[in-house]
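Trainee: could you work out the structure for the sequence below:
(chains A, B and C)
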Amino acid sequence: MLKYEAEERELLDGLIGAIGMLPDGHAEIDGLEVAIGPRGRVDALVDAQIGGQAVQLLVETKREAFPRDVRETVWQLRNHLAHMPANREILPFFIARAISPGARDILREERVGFYDLGGSLYIPARHAFVYVDRPVPKKNAKSFGSLFHGQKARVVQAIFDRRSEWLSVKELAESTEVSPATVSATLTELERREWVDVEGAGPSKLRRLRSAKALIDAWSSYVADQKPPKLARYYVPGSNALELAQQLDRACRDADAGYAVTAEAAAQLYAPYLSSISQVKCRIEPGRRQEEALERLNARAVSEGWNLGLIETRARGDVTVAESIQDVRLASPLQVYLDLLQGSGRSREMAAHLRSERLDA
DNA sequence: GCGTACATGTTCCAGTAGCG
DNA sequence: CGCTACTGGAACATGTACGC
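Mentor: Have a look, this model is predicted:
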């Protein structure tokens, strides 16, 4: 509790400072925890001078802001506003350590001012319009990306793959082998971003993906900020990618090793694009079985001229197969898409093609 | 209709793995 | 080596179904 108050204070000081940096700008705190109307309360009132005009800011504070948080707060602020004397300009105002892009859009539409620790500042006052857009602060970027990590990423993948279905926590927990606690947390985060529709409540609660496009976009930009995973390069005697992938299939079956082909080779099977490709990227369940599969393939580790690339797998469940085409087990289209985005050369084009063929539907 | 038992979703907490 | 953030077990909350 004390820690939160300190954070709140830090945010307010940041806002005061940011307004002070504006030409003819000045601001001071008029009150904290101010009662408004019969039972309303705002976190702070701030008196601001901007370009010679006085504006009072009705401030609500949050740690992080996703669309749903913002909507709730905007509604509260509007309520408060109705109980305020109308003798001067009063602006509803929202501050948080980090405000997600979607949340910013809502605030701008609603003409509610906002500020975050990244330095973004939006003040839609009558006589002085201020808008400074800064990216989400690095430190907090990971809190926005946590959905695309580890176990939660598996859950999000599953939700995407079954985007036409209404899903329960229990069902997802069973099919992904992730604990119900983590599945629930994942879905709650998706709700905050307003990417899922919700039906029912309590034990009969169901969700369904609504904004597949927003989800892909967010995951893509997350991937863009990540360093590409390590790729172990091998050469396997043989010819084209399809045949190589089929050899891989036999070797992994014989070695009883789980594998999933991804990137260019997989995209080519999902939605043919290039006339021919020569390299196969895949994930193979790590351990002894992986070694055995590589031995059966006569794969030789090389630094140049590779045709088999092994993407490092860390978290359990990284190797998941969505379907088999021509006896080749493929990672899910979304996974393939994300892996293509990590690649270079024409992989971006392939990614775009795959997306329009398989993901945007 | 009402209350109770059950199933499921959510939150809390502590152990732990990964990171710098 | 210290720290942070993730994870999942367990306690807690919330609907639902069934019996009366």
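
Trainee: beta-bridge partners for A:Glu323, please?
Mentor: A:Leu330 (DSSP bridges).

Trainee: quick one: it from DNA strand B, how far?
Mentor: 26 Å (C-beta to the nearest atom of the strand, to the nearest Å). Quick note: C-beta positions are derived from backbone N, CA and C, even for glycine.

Trainee: could you look up the SS state of the residue of chain A most remote from its centre?
Mentor: Most distant from the centre of chain A: A:Asn87, at 43.0 Å, with distances by C-alpha atoms, centre = their mean. Assigned by DSSP: H, G, I helix; E, B strand; the rest coil, the conformation of A:Asn87 is coil.

Trainee: can you check A:Cys252 too?
Mentor: helix.

Trainee: was I right about it contacting A:Glu291?
Mentor: No. Using C-beta atoms under 8 Å, A:Cys252 makes no contact with A:Glu291, being 11.8 Å away.

Trainee: what's the neighbour count on the nearest residue in space to A:Leu81 that is not next to it in sequence?
Mentor: In this structure, A:Leu81 finds its nearest non-sequential neighbour in A:Pro92, 5.9 Å apart by C-beta to C-beta, 6 or more residues apart in numbering. When counting by other C-beta atoms under 10 Å, one arrives at 25 neighbours for A:Pro92.

Trainee: mind checking which helix or strand A:Pro92 is in?
Mentor: A:Pro92 belongs to strand A:90-99 when assigned by DSSP states H and E.

Trainee: can you pull out the helices in chain A?
Mentor: A:2-20, A:67-82, A:101-109, A:138-145, A:150-161, A:169-176, A:180-192, A:212-225, A:241-255, A:263-270, A:288-297, A:333-342, A:347-354 (DSSP state H).

Trainee: looking at the ones you listed, which is buried most?
Mentor: Most buried of the helices of chain A by mean neighbour count (mean count of other C-beta atoms under 10 Å) is helix A:263-270; its value is a mean of 25.

Trainee: partner strands of the strand holding A:Pro92, parallel or antiparallel?
Mentor: By DSSP bridges, strand A:90-99 pairs with strand A:53-65 (parallel), strand A:113-116 (parallel).

Trainee: near DNA strand C, which residues of chain A show up?
Mentor: A:142-143, A:146, A:149-152, A:178-182, A:185, A:200-204, A:315 (C-beta under 7 Å from any atom of the strand).

Trainee: now, which of those lie close to DNA strand B?
Mentor: Okay, of the residues of chain A next to DNA strand C touching DNA strand B (C-beta under 7 Å from any atom of the strand), that's A:Pro180, A:Ala181, A:Ala185, A:Gly202, A:Pro203, A:Ser204.

Trainee: which among those gets closest to DNA strand C?
Mentor: A:Gly202 (2.3 Å; C-beta to the nearest atom of the strand).

Trainee: burial check on that closest one, number of neighbours?
Mentor: 5.

Trainee: contacting residues for it?
Mentor: Counting by C-beta atoms under 8 Å, 6 or more residues apart in numbering, A:Gly202 touches no other residue.

Trainee: A:Val321: neighbour count?
Mentor: 15.

Trainee: so where's the stretch 51-200 of chain A shaky on pLDDT?
Mentor: A:137-143 (pLDDT under 70).

Trainee: what residues does it have near DNA strand B?
Mentor: A:Ser168, A:Val169, A:Lys170, A:Ala173, A:Pro180, A:Ala181, A:Ser184, A:Ala185, A:Leu187, A:Thr188.

Trainee: quick revisit: could you redo the strands paired with strand A:90-99 as TSV and give each row distance to A:Leu330 and mean neighbour count?
Mentor: Formatted as TSV, those follow (distance: least, C-beta to C-beta, whole Å; neighbours: other C-beta atoms under 10 Å):
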stretch	distance to A:Leu330	mean neighbour count
strand A:53-65	36	21
strand A:113-116	41	27
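
Trainee: and these as CSV, adding distance to A:Ser239?
Mentor: CSV is the format used below for the strands paired with strand A:90-99 (distance: least, C-beta to C-beta, whole Å):
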stretch, distance to A:Ser239
strand A:53-65, 52
strand A:113-116, 55
